[in-house]
Each structure stands twice: as structure tokens, then as C-alpha cells.
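Undergrad: Quick one, what's the 3D model for this:
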Amino acid sequence: MDPADTPADTLADECAKTAAGLTVPALLHRNATEFADLPALTTLGRDDTRTWAELRAEVTELSCGLAEIGLEPGHRMLIMMSSRPEHWLVDLAAVHLGAVPSTIYPTLSADQMRYLALHSGAQVLVLEGAAELARWRAILPELPQLRRVVLVNGTEPGDGDPMLVPLSQLRSIGRAAHRSDPDAFERRWREIRPEQPVTLLYTSGTTGDPKGVVLSHHNVIYQAVALEALVAVPDHAPSVAYLPLAHIAERFLGVYNPIYRAGHVTICPDPTQLVMALRAVAPPSFFGVPRIWEKMAAGIQAQLATVEPAVRAAFDAAGALALQAYELRAAGQTVPDELAARLAQADATVLRPIKSSLGLQNMVWAGSGAAPIPVEVLRFLAGIGVDVLEVWGMTETTGTATINLPERFRTGTVGRPHLGMRVRLADDGEILVRGPLVCSGYLRGDGGVEPIVDADGWLATGDVGTVDEDGFLTITDRKKELIITSSGKNISPAQIEGLLRAHPLIGQAVAIGDRRPYVTALIVLDDEFAPQWARARGIADAQLPDLASDPLLLAEIQAAVDAANAKLARPEQVKSFQVLPSSWTPESGELTPTLKLRRRIIVDRYSESINGLY
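TA: Next comes the predicted model:
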């Protein structure tokens, strides 16, 4: 069925039929049976490729081992581990029990780790090694529901702590259990149903408390089926996994989609080696957060600045052809044969070598999401022959809810609704979505799942946008107060600001970082306490404009920022700040009558100061 010639509703119905009844364990069983000898998982630079048959055999042992140490259907399991094969294996092992794995960021603070462990009620915790265990040691006594801690590296049996189980020992336990009852593993996974949870992902909430998004087998498999129907990549395609598995994009693209497509995942443990990984794999599709694409564009521009004039002229001429064809496609027009022929020649001689230097020469679909990307970057990349197409969604929509496609896209928009999804705007412009990609709900503290849709199935996303006459969605604002950095990290500004305001010298603070590489802050002194603090230290003429630049006061503010950072994950920490010389009031416009921050006014008014922080 050709998606270009098939009505979306008909195609969505076909996707629903294909996904019906499938679970992740059923697909892994299919892969190990029908594609046993095909490569499944490799680590960049290592000779450790696992075939689908080998991968499932390891999952079987680990799943049986987890069952033996008490992990049961419905239990939650937290994973704090880098991107490595064992991460995939232990995650899938839990899924085959009907348990719910949840990867959490290794950058979390102790308070955040404690919150997630208590909220999830995790019975098993999987850690990479001694360094991670040291961070958890003080928290473990506060987790009465926790049964075992599995260490991938580190401790050996008999070290004196009965709670600790080395992964090697877990394998041995599972191997023995499987030999004793070889049918138990098969029975357990065959009882799993599509509507059951496949993972739990914590995402930042606007109040600072993370929310546990529960995704089902049907959510992730339908996403894979729908993506296959829209984007024609080869069967068993290779891919690169470089984002944390706590991120919905990598969890889908690095785990579930390759299982559905029986693809070959190459793990890139160090994101700084991403281009090396792309060169080695040359995948037909790739999803990059905006910062990745921005760095690629900047790297090419830096190289072009040093080439001979004739080389630069050849690039400019080829880029103009590629950009002309791109603009025609974006407008829904056909590229003339004459232009296509000239572009093919320019691509072969000029552009393809540039794409090959980035590992993008085989690209069928290149996506960007998690945060807005500048149109200028999109146009520059189009000029080297790489059409980067924006998507939009959230963890709650299993990642992509709208999508631009190679044959139908519009620059500056995030595309049209994904197959089976519906999008409409509320009276205030908030984007509402409905469809098979909407998650089951949020995990409650009692272990239940709280639905997040209204009576008609609509999810209020918190984003504000517009929809044009052809159905393309443009994101114009964010109703919820949430920072999304240029690397796609979701951060609650309210949490950061609350920690900063805990110091009596700080009357107001606003965290900055949306579309930026890191978080900074504008700080306003408390106009009553600050002068008192200054006089007590012998600072004459203690007025706010002077205090804002006083070295002693700035040192105290730095100490307050450091104290706040100690309670925050690394991506949330304030890297730099500026103390402003005047107060914020409703009358001056930075605050509402109820003393809430008017963020847009603040960002506009202090844009010069903010730019100076970067």
C-alpha cells in the first residue's frame, strides 16, 4: 500500500490491524526465530555484536534470574546505567516478566533519586557499578519496598551484603532456573497483553515533581507500525543509539522500533563520538535533537571558511541547487527534470562527500524534535542535501504525535498529525491530541495509573500552536512553564527558582534556558533584606543598584546558587547568573497582580543581559 496514494484514515486502520495483539516479547521471539542470525546489537568500536538469537538467549537467562530474586508481573524496576548492551538486556528481561522497567538519568540529585524510588515503588534497582552504588547507599535504608540491587560491574558474591546481586550471579541464577523449568519463561511472556505497561518514563512536571508516564506495548508497537507505513527505510536497517534511554526518542528508536523492524542497533556510549558512529553505520534514518544538527552545521561552516575560493564557489553553486529543490518540495511542487539532473551531478561531485563526512549519505529520513530548531539551520542543511524534518510530541504521546514527511513537509512547522492521531486547538490555542499513541496515564504513588485525558479522550499538551489550511501544525508558545534546552532536556524552571528564592537575599529569580545549551538565571535582590544584610557588613550606601555589583554580595549569591545546584541534576544546574539592579513589581510589568512571573516580558526586556550569559 502506497501511503502517498492512500487516505490517512485507511492507512491508520491498516496500522491498527497490524499492531493488534502484538507485544514486545512476541516480536523478539519472532526475530530470534525468523531472523536468528541477523545482527541485533553492537557497541561502537567493539567486537561484541549479538544476533537476535543470541540477544534473546541472554534476555531469557536474565529474565529467569530476575524472577528468582522476586521481580513479579506489575513490579517496577529502576535502571541507572549508561548506554551499553546490558542496559538493553536487563530492560527486556524485566519486560518478559510483565514487570515495568524505568531508566532514570544518572545526573539526578540524591533528593530526586529518592523521590523516584519511593514514587515508583521499585522492587529492583539496577546500577552500573560501585560509583552509582555509593550515591545510592544513603538512600537504600529509606526504601522498604526495594528487594535487591543488581550491579552490572563491581561486587562479587559473598561481599557481605545480601541485597546486592552481581549481574554475573543473576545470569547464573537464571540459567539454573531455566534448566529446572524450561517452560516457565515462555509461559510468562505469552501471558502479557498489548495494553499492559512496557515502560515507565519520568518527565519533568511544571511543579518540579517528575511525572511517571506509563506506556503500553500497543503504544510503542503502533508507533513503529505507523512510522514504517510513512517512511520507506530498508528492512533490517542499521541505526545509531546515542541518547539516554530515559529519553522517549531513544527508548523508541533504540529499543522498540529496531525490535519491530528486526534492525541492527549500534550503541554510541559517548555522544561526542556520534559523527564517528554515523560514519561507521551510515544509517538510512536518524533523529537528532536540535543541538546535534546545529553543531553539524557549524562544523561544516567552519570547514568552508578555510577552503580555497574555487572550492567554496563549487559548494555555493551546488548548495543553491539543493536549496532550490528543497523549497519546491516544501511548497508541494514537483522538482523539474532539468533541475533534478543538475542536482544529481552536483550531489555526486560536491555534496555527497560532505554528507559522507557526517555519515548522512544514505539518509532517507532525518528528523529533529524535543525542542525547536532554527529555520536557518534547516535551510543550511538542506543546502548540503540533507532535509531535516521537524516532528513534535512528548513522552505522553510515545514521542512523535505530528510528523513532516520527505514527500510532504513544510519548513518551520512540526508537520501533520501522525497516523491515527487527531489534533485540535482549544479556545486559548492549547494543542489537544487524541489517538493510539497517547499513553495509559501517570503512575500514582499507590501503584495505580491515573488517566490524563478528558472524557472524550483528548490530552491537553500544554503547548500552544496554530494549524494552517493544509493541516500543518506550528508551535507558537508553551502554556506550561517548562524549559526545553537545545539538547532536548525537559527542565522545570519553578523548581530551580524555588531553590534560589530559598536564600533570603533573593527576592525573585527566573531560570533561562529554553532553546539554549544550558540553564542560567536572572536574580532580583530582596529589596528589604538586601540593604539590611549590606549594612550589617559595613557596606555604605546600601542601595539595590550598587549592591547588584558588590563583590561581597555577589559571593553570597554565588553560594546560594551553589547550594541550589547541589539539589539539582546536572542539566538543571545554573551555570551563570546576573543580579539585576532593580526590583520587579506588578507596576513595572515583570510580575502579575498575584506576583507571578511574566516570563515573556522578562525575556524580552532583559534579552541583552540574557544573551550576555551565553
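
Undergrad: all helices for the stretch 201-350 of the chain, in order.
TA: Ranges of helices within the stretch 201-350 of the chain are 217-230, 248-251, 257-261, 274-281, 290-304, 309-330, 337-346, based on DSSP state H, counting those that start in this stretch.

Undergrad: Could you tell me the least trusted of those helices?
TA: Lowest mean pLDDT of those: helix 290-304, a mean of 86.

Undergrad: circling back: Pro162 is nearest to which of the helices of the stretch 201-350 of the chain?
TA: Closest to Pro162 of the helices of the stretch 201-350 of the chain, according to C-beta to C-beta: helix 248-251, at 32.0 Å. C-beta here means a position set from N, CA and C on the backbone, and glycine is covered the same way.

Undergrad: export the helices of the stretch 201-350 of the chain to JSON lines and tack on distance to Arg76?
TA: Output for the helices of the stretch 201-350 of the chain, formatted as JSON lines (distance: least, C-beta to C-beta, whole Å):
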{"stretch": "helix 217-230", "distance to Arg76": "16"}
{"stretch": "helix 248-251", "distance to Arg76": "15"}
{"stretch": "helix 257-261", "distance to Arg76": "21"}
{"stretch": "helix 274-281", "distance to Arg76": "31"}
{"stretch": "helix 290-304", "distance to Arg76": "31"}
{"stretch": "helix 309-330", "distance to Arg76": "44"}
{"stretch": "helix 337-346", "distance to Arg76": "52"}
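
Undergrad: Distance to Thr199 and mean neighbour count for those - can I get that in TSV?
TA: TSV is the format used below for these (distance: least, C-beta to C-beta, whole Å; neighbours: other C-beta atoms under 10 Å):
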stretch	distance to Thr199	mean neighbour count
helix 217-230	8	24
helix 248-251	6	23
helix 257-261	13	23
helix 274-281	24	19
helix 290-304	24	18
helix 309-330	35	16
helix 337-346	42	13
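
Undergrad: Out of those, flag the one nearest Ala117.
TA: Relative to Ala117, the nearest member of these by C-beta to C-beta is helix 248-251, separated by 19.7 Å.

Undergrad: for the closest one, packing partners?
TA: In terms of contacts (3 or more C-beta pairs under 8 Å, 6 or more residues apart in numbering; DSSP states H and E), helix 248-251 is packed against strand 197-203.

Undergrad: Quick one: distance of the strand it packs on to the chain centre.
TA: Relative to its parent chain, strand 197-203 has a centroid offset of 12 Å by C-alpha atoms, centre = their mean, to the nearest Å.

Undergrad: what's that strand in contact with?
TA: Residues from elsewhere that reach strand 197-203, judged by C-beta atoms under 8 Å, 6 or more residues apart in numbering: 23-24, 76, 91, 95, 100-104, 116, 120, 210-217, 219-220, 246, 248, 251, 256, 394-396, 440, 443, 449, 490.

Undergrad: quick one: which of those sit in strands?
TA: Among the contacts of strand 197-203, the members found in strands (DSSP state E) are 76, 100-103, 211-216, 394, 443, 449, 490.

Undergrad: Among the residues you listed, which one lies nearest to Thr43?
TA: Using C-beta to C-beta, the ones in strands among the contacts of strand 197-203 come closest to Thr43 at Thr103, 17.3 Å.

Undergrad: Great, nothing more from me.
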